[in-house]
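> Mind folding the following:
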Amino acid sequence: MSTPGEARDDSPPSAASLYLTLGPVALTAAVYVSIFLVLRKSHRRYYAPRTYLGSLRESERSPSLPNGLFNWIGPFWKISDYHPLQHQSLDAYLFLRFLKIITVICFVGCCITWPVLFPINATGQGIQTELNILSYANVNPDTQYNRYYAHVFIAWIFYGFVMYMIVRESIYYVNLRQAFLLSPLYSNRISSRTVLFVSVPDYYLDAGRLRKVFGESVKHVWIAGQTKELDDLVKERDKVAMKLEKAEVKLIKLANGNRLKAIKKGAVDAEESEVAPVDAESGSLSARWVPPKKRPSHRLGPLGLVGKKVDTISWCRTELERLIPAVDKAQVAYRAGDFKKINSVFVEFTNQSDAESAYQVLAHHQALQMSPKYIGVTPGEVVWSALNVSWWQRVVRRFAVIAFISVMIIFWAVPVGVVGAISNISSLANSVFFLNWLLLIPDVVLGFIQGLLPAVLMSVLMSLVPIVMRICAKLSGEPSLSRVELFTQNAYFAFQVIQVFLVATLTSAASSVGAQIAQNPTAITTILAENLPHSATFYISYFIVQGFGIASSVISQVVGFIIFNLVYRFLAGTPRAMYTKWANLSAISWGSVLPVYTNIAVISITYAGIAPLMLGFATIGLSLFYLAWRYNIFFVTDTAVDTRGLIYPRALQQLFAGIYIAELCMIGLLGASVAIGPLVLMIIFLVFTALLHITINSAIDPLLYNLPRNLAEEEASRSRLGSVESGEKDVLHAEHANGASPGNNGKKMGLFAKFFKPWEYADYETLRKLVPTGAVDVNQMYTEQVERDAYYPPSVTSATPLLWIPEDPMGISKQEIRDTEKVIPITDEGCTLTSKNKLNWDTETVRPPVWEEKIYY
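Residues are numbered from 1 along each chain as shown. Sure, this is the predicted structure:
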């Protein structure tokens, strides 16, 4: 009779771990979804802000949904997938499209692999049981090696389909990118007409010389300069201004609170308390309700804990009398050219075509001079500290960052390896003597530890990494936030693949087979072939946690909802703080969000031929993620950093990592199973994959970053003729009503033709109809001041802030405005105090005084 430990070892954990993982995760998901359905009805600001928020233009808003528990689902599903293109950004649309594409890849993978590989594996005369009989490991290499041909040819078909999808979507993206960036709405933007040159030689830090180099089409030249002293002055000015604003609000609320208490006690009449003389002496109105010792005050020492105690309002006014003129003087000096130049220049051209020409040509004869260069960088996303990095510092920093990330990957392998080992804790307990006590744990608890715990730990562990990646990107000299996100996307994807996938896979497999290899070293190939597919157990649990648990939390946003309400109601103590929290939408960080789903796709692709059951769980999980993010992008989130869609082709290219890893794993497993014929076929397909990858890159890469002159000229001709397309309605009609496109001379295209000929059904002429029109006047997008100041450092263009305080019935706010506006602008419009002494402002109809119109740079 076997011991419990031996019995547990004989039965693989796959089925038990699956059930024990699915149960609590499904329950958690049900709770999250229920919370979402209930809160969505009554908290429109958090769950549907894009439908009404005043900080958004009408063209950026989404249609409202019914307010019931379930009646919103139908209208939500009917909203076009192109909605983010019209109302948000290219990145938002392509993010959703990527989720849909990898879901389709996994679903088609199920259709390709399951009908063939399930019966092949299940009848493979191996020794596996439960869910493991559906994996590659259940094929007996001694008697059933010819079955490996089925694995090879199915792998050919599936990986060929994945590569076709990558090529197809790359062509689609290129056409869509060209249609958008060449449209009047984008081509007339300053960022589309401005090229950033870094590592510019001192000789060319001169507007006249740059105009000679690039010709008469140069419109503006901004030479970057040192602004440290000005930055410090502006920072100090704004800090003191906000301190004054908080003190004014505190004083008014304190006085009003004391007034309300006096009225409640009957010590004063309500109408009498509201009488305020127009020419009252400074501070006299507040003094009636607030004693001098109770007025807002602070100490001048470190952290405000020690030093001389001063009246905050009086001190701030005095400081601002000094700081505001100093800032204005420094800003005027910078505009006059009185600054130390640094080796970066923004050059604006009169039109996009000339800017693209300057971007694509070689600007300087020496290596690494006036290079790299960037186009499409908006002023708000410039990393100004990176502009001062010289060419040699950029090279050194890049190598240093790569070295640091490599060391970080090695360091992170330790905790990630531990997590991977936990997924096979029962095997370790049998092999390592000091872990034998784990065999005494009940099967249910051990199944929970092996199934749910590793997946949860992995998610928590990886959440810390993107923060470090972004810091590394800025230190390496990336000059814009969009470049920082793209750097993070690459680095975090590599981190995800190595840590979440490869390290955990190898550790999980090694922990299972280590003792077996030690006992029988000559059978190493057979043991590896049988046990490597077992690590799929961990990822099935991982997909369940991600698909059900994380996807439901994405749409419910319970933690974010609680934080939002706590901050808004209890920590936002000024009208400005309340408005800022209310009006600013949460933004998606593409560099840290997208690699998670790319890695799920890579894992699914890798295991398609080894453990095809995983594709089913990946399909379900990714579908749930798609639905959750579809709702969030349509109704909740905003785009803070715009990469102009470059996140999409990068994510598509990263799918090749899954194909390469899968092919290498198949080659290794076939070699371990000594299946020579299938092994040779798989090696041939690996060579074919590499050649195709190289060909795709050489053909498509130039189109990802450059715009063609012929299409630019066509667009210019249309503009001269006044031709304007109507937008989303036209493209839906063109694609879905008659199936025709200009690219195929009006001939109706069937479903398969659309799928296999994207260069015809989704050509430039068709996709340009997707470009939104009418949102802004493309011929008058900027005022003269906005265009003049576009690429000055923020501290140069930073205006003196307008203070915003609440209006009160005692007239204290009016008196404070009279005394403070001599130093700094201040207003009490749009905010009042309630009968409970709470701040109250109109959240829907009236724009507050601190509102600033969004500028499309």
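> give me phi/psi at Glu829?
phi -80, psi 140 (degrees, to the nearest 10).
> for it, what are its contacts?
807, 848-849 (C-beta atoms under 8 Å, 6 or more residues apart in numbering). All C-beta spots, glycine's among them, are computed from the backbone N, C-alpha and C.
> same deal with His151?
His151 neighbours (C-beta under 8 Å, 6+ apart): 117, 120, 136, 609, 666, 670, 678.
> Quickly note the distance from it to Ile684.
15 Å (C-beta to C-beta, to the nearest Å).
> So what does the closest residue to Ile620 other than its chain neighbours have for phi and psi?
In space, and not counting its chain neighbours, Ile620 is closest to Gly547: 5.6 Å by C-beta to C-beta, 6 or more residues apart in numbering. When read as degrees, to the nearest 10, the backbone of Gly547 gives phi -70, psi -50.
> how far away is Gly547 from Gln352?
Counting by C-beta to C-beta, the gap from Gly547 to Gln352 is 43 Å.
> Report the separation between the two terminal residues of stretch 542-558.
21 Å (C-alpha to C-alpha, to the nearest Å).
> my bad, should have said stretch 69-77
Rule used - C-alpha to C-alpha; the end-to-end distance of stretch 69-77 is 15 Å.
> ok, Ser191 - contacts?
Contacts of Ser191 by C-beta under 8 Å, 6+ apart are 375-379, 857.
> and what of Thr598?
98, 102, 493, 496, 651, 654-655.
> what's the answer for Lys235, then?
Counted by C-beta under 8 Å, 6+ apart, Lys235 has contacts Ser795.
> Show me which residues of whichever strand or helix holds it are buried.
When elements are assigned from DSSP states H and E, Lys235 belongs to helix 228-265. By 16 or more other C-beta atoms under 10 Å, the buried positions in helix 228-265 come out as 230-231, 233-234, 236-238, 240-256, 258-260, 263.
> Tell me which helix or strand comes right after the lowest-mean-pLDDT helix or strand in the chain.
Every helix and strand of the chain was ranked by mean pLDDT, DSSP states H and E. The lowest is helix 4-10, at a mean of 36. Where DSSP H and E defines the elements, the next helix or strand beyond helix 4-10 is helix 14-42.
> Which pLDDT value belongs to the residue nearest to Ile620?
Note for Gly547: predicted pLDDT of 80.
> Equivalent analysis for Phe448, please.
Per-residue pLDDT puts Phe448 at 72.
> That one: what's it in contact with?
20-21, 24.
> Next, the buried residues of stretch 677-694.
678-679, 681-682, 685-686, 689, 692-693.
> In JSON lines, list the residues you listed along with pLDDT.
Listed next are the buried residues of stretch 677-694 as JSON lines, based on pLDDT from 0 to 100:
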{"residue": "Pro678", "pLDDT": "91"}
{"residue": "Leu679", "pLDDT": "92"}
{"residue": "Leu681", "pLDDT": "95"}
{"residue": "Met682", "pLDDT": "94"}
{"residue": "Phe685", "pLDDT": "96"}
{"residue": "Leu686", "pLDDT": "95"}
{"residue": "Thr689", "pLDDT": "95"}
{"residue": "Leu692", "pLDDT": "93"}
{"residue": "His693", "pLDDT": "94"}
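> Let's see which of those residues end up in helices.
678-679, 681-682, 685-686, 689, 692-693 (DSSP state H).
> since we're on Pro772, how many residues are nearby?
18 (other C-beta atoms under 10 Å).
> count of residues packed around Ser42?
9.
> Could you do the one 4 residues further on as well?
For Tyr46, the number of neighbouring residues by other C-beta under 10 Å comes to 17.
> and the closest residue to it other than its chain neighbours, what is it in contact with?
Nearest non-adjacent residue to Tyr46, counting by C-beta to C-beta, 6+ apart: Phe561, 5.4 Å away. Shown in contact with Phe561 (C-beta under 8 Å, 6+ apart): 39, 43, 46.
> Average pLDDT for the helix or strand where the last one lies, rounded please.
Going back to what we said before, that points to Tyr46. Assessed by DSSP H and E, Tyr46 sits inside helix 44-47. Average pLDDT, helix 44-47: 88.
> Could you do stretch 419-436 as well?
69.
> one step back: what's the offset of the helix or strand that the helix holding Tyr46 is followed by from the middle of its chain?
Using DSSP H and E, the next helix or strand after helix 44-47 towards the C-terminus is helix 73-78. Centroid separation for helix 73-78 versus its chain: 25 Å, with C-alpha atoms, centre = their mean, to the nearest Å.
> go on, stretch 568-583?
Worked out by C-alpha atoms, centre = their mean, stretch 568-583 lies 25 Å from the chain centre.
> one step back: pick out the most distant pair among the contacts of Ser191.
Ile375 and Pro379 (13.7 Å; C-beta to C-beta).
> For my notes, confirm Asn714 occurs in a helix.
Just so we're on the same page, residue 714 is Glu rather than Asn. Yes: Glu714 forms part of a helix when assessed by DSSP: H, G, I helix; E, B strand; the rest coil.
> how near is it to Gly376?
20 Å.
> Looking only at neighbour counts, state which of those two leads.
A count of neighbours by other C-beta under 10 Å puts Gly376 above the other of Glu714 and Gly376, at 25 against 15.
> That one against Ser192, yeah?
Yes: Gly376 lies in contact with Ser192 (C-beta atoms under 8 Å); the separation is 6.2 Å.
> Residues that sit against both of those two, list them.
Leu181.
> Let me see the contact set for Glu248.
So Glu248 contacts 313, 803, 805, 813, 816, 820, 826 (C-beta under 8 Å, 6+ apart).
> One more: Glu663?
Shown in contact with Glu663 (C-beta under 8 Å, 6+ apart): 155, 159, 682, 685-686, 689.
> Does it belong to a helix, a strand or coil?
Under three-state DSSP, Glu663 comes out as helix.
> Quick check: it vs Asn424, distance?
Remark: distance between Glu663 and Asn424 (C-beta to C-beta) = 25 Å.
> Leu652 too?
Taking C-beta to C-beta, one finds Leu652 at 33 Å from Asn424.
> Equivalent analysis for His220, please.
Going from His220 to Asn424 by C-beta to C-beta gives 63 Å.
> more neighbours, those two?
Asn424 (25 against 17).
> close enough to count as contact, that one and Pro454?
No: using C-beta under 8 Å as the test, Asn424 is too far from Pro454 to be in contact (9.3 Å).
> quick revisit: from the contacts of Glu248, which is closest to Glu765?
When the contacts of Glu248 are ranked by distance to Glu765 (C-beta to C-beta), Leu803 comes first, at 52.7 Å.
> Look at the closest residue to Pro794 other than its chain neighbours and report its pLDDT.
Nearest residue to Pro794 in three dimensions, chain neighbours excluded: Trp384, at 7.5 Å (C-beta to C-beta, 6+ apart). Per-residue confidence (pLDDT) for Trp384: 92.
> now Glu319, nearest residue through space, not along the chain?
Closest residue to Glu319 apart from its sequence neighbours, by C-beta to C-beta, 6+ apart: Val240 at 4.8 Å.
> Can you verify my assumption that the one you found contacts Leu320?
Yes: with contact defined as C-beta under 8 Å, Val240 reaches Leu320; the gap is 5.8 Å.
> re earlier: helix, strand or coil for the residue nearest to Tyr46?
helix.
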